[in-house]
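> Make a model of this:
(3 chains)
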Amino acid sequence: MSKPVPADFWAQPVVPLARALIGVTLLVDGVGGIITETEAYDFDEPASHAFGGPRGRNLVMFGPVGHAYVYKIYGIHWCLNFVGGDHPGSAVLIRALEPTQGVDTMIARRGLTDPRTLCSGPGKLAQALAIDHALNGAPLDRPPFQLFLGDTHDIVVGPRIGITKAADLPWRFGLGGSRYWSRAFPKDG
DNA sequence: CCGCTGATAATCT
DNA sequence: GATTATCAGCGGA
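This is a model prediction of the structure:
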């Protein structure tokens, strides 16, 4: 039996938070699965939307922790983040999950049948879970969101994907051995 | 499995 | 006008 994530879960520093989110079960209207890949974005590093202070689309990142930050990227895809950390302006990008609940619904939304590719990337995950701007700023402790703690897992670490600034920070986390990643992690040294 | 390319629009310079 | 926390489709290894 899984337990909901506690309210103080979101207040830990954002990098450990991104790590702790691996293995958590995320459901949106009952559809979702086990988070397998996350990335931390801190308030004072240039890859973060919060860099430079609160303005425009990043305002939710400076709001209360434990809320969703949803934005559109490349004019096409939505990306889901969880606001958290010990300083305003930090958030965790949810990059991938292992589908466990509502798989048929995800298949219908994505138009694909391969469970490996249903949620293996932030844009794909948003499409499969029907995430869009309507959920920007929504609290994570009530419907349509449900979040449950998972078991402890082996965690793999690597540099974040798709960014050009602060690209060396090892702030990407994955569920060790999972088949549900957006991309492989660099081999451990 | 990996890399390349076009799509497409809000945000930034 | 350039950039962007991406993806599907394609071709090659």
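> so what's the closest residue to A:R95 other than its chain neighbours bridging to?
Once flanking residues are discounted, A:R95 sits nearest to A:E37: 4.1 Å by Cβ to Cβ, 6 or more residues apart in numbering. For glycine as for every other residue, the C-beta is placed from the backbone atoms N, C-alpha and C. Listed by DSSP bridges, the beta-bridge partners for A:E37 are A:A96, A:G174.
> Surely A:D86 forms part of a strand?
No - counting by DSSP: H, G, I helix; E, B strand; the rest coil, A:D86 is not found in a strand; it is coil.
> Would you tell me what helix or strand A:R19 is located in?
Per DSSP states H and E: A:R19 is located in helix A:14-20.
> on that earlier part again, shouldn't the residue nearest to A:R95 be in contact with A:A96?
Yes - between A:E37 and A:A96 there is a contact under Cβ atoms under 8 Å: 3.8 Å.
> quick one: the residue nearest to A:R95 and A:G137, what's the gap?
According to Cβ to Cβ, to the nearest Å, A:E37 stands 23 Å off from A:G137.
> If you count surrounding residues, which of these two has more?
The neighbour count for A:E37 versus A:G137, taken as other Cβ atoms under 10 Å, is higher for A:E37 (31 against 15).
> Now do the contacts for that one.
For A:E37, the contact set (Cβ atoms under 8 Å, 6 or more residues apart in numbering) comprises A:22, A:94-97, A:172-175, A:178, A:180-182.
> again, 7 Å this time
A:E37 sits next to A:R95, A:A96, A:G174, A:W181, A:S182 when contact means Cβ atoms under 7 Å, 6 or more residues apart in numbering.
> any chance you could map the strands in chain A?
In chain A, the strands defined using DSSP state E lie at A:25-28, A:31-41, A:68-73, A:77-83, A:91-101, A:145-148, A:155-158, A:172-175.
> Redo those as CSV? Include mean pLDDT and distance to DNA strand C.
Output for these, formatted as CSV (pLDDT from 0 to 100; distance: least, Cβ to the nearest atom of the strand, whole Å):
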stretch, mean pLDDT, distance to DNA strand C
strand A:25-28, 98, 15
strand A:31-41, 97, 4
strand A:68-73, 97, 5
strand A:77-83, 97, 5
strand A:91-101, 98, 3
strand A:145-148, 98, 17
strand A:155-158, 96, 13
strand A:172-175, 97, 10
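> between those, which gets nearest to A:G56?
strand A:68-73 (10.1 Å; Cβ to Cβ).
> residues near the residue nearest to A:V15 when sequence neighbours are not counted, how many?
Excluding the flanking residues, the one nearest A:V15 by Cβ to Cβ, 6+ apart is A:A40, at 4.5 Å. A:A40 has 26 neighbouring residues, counting by other Cβ under 10 Å.
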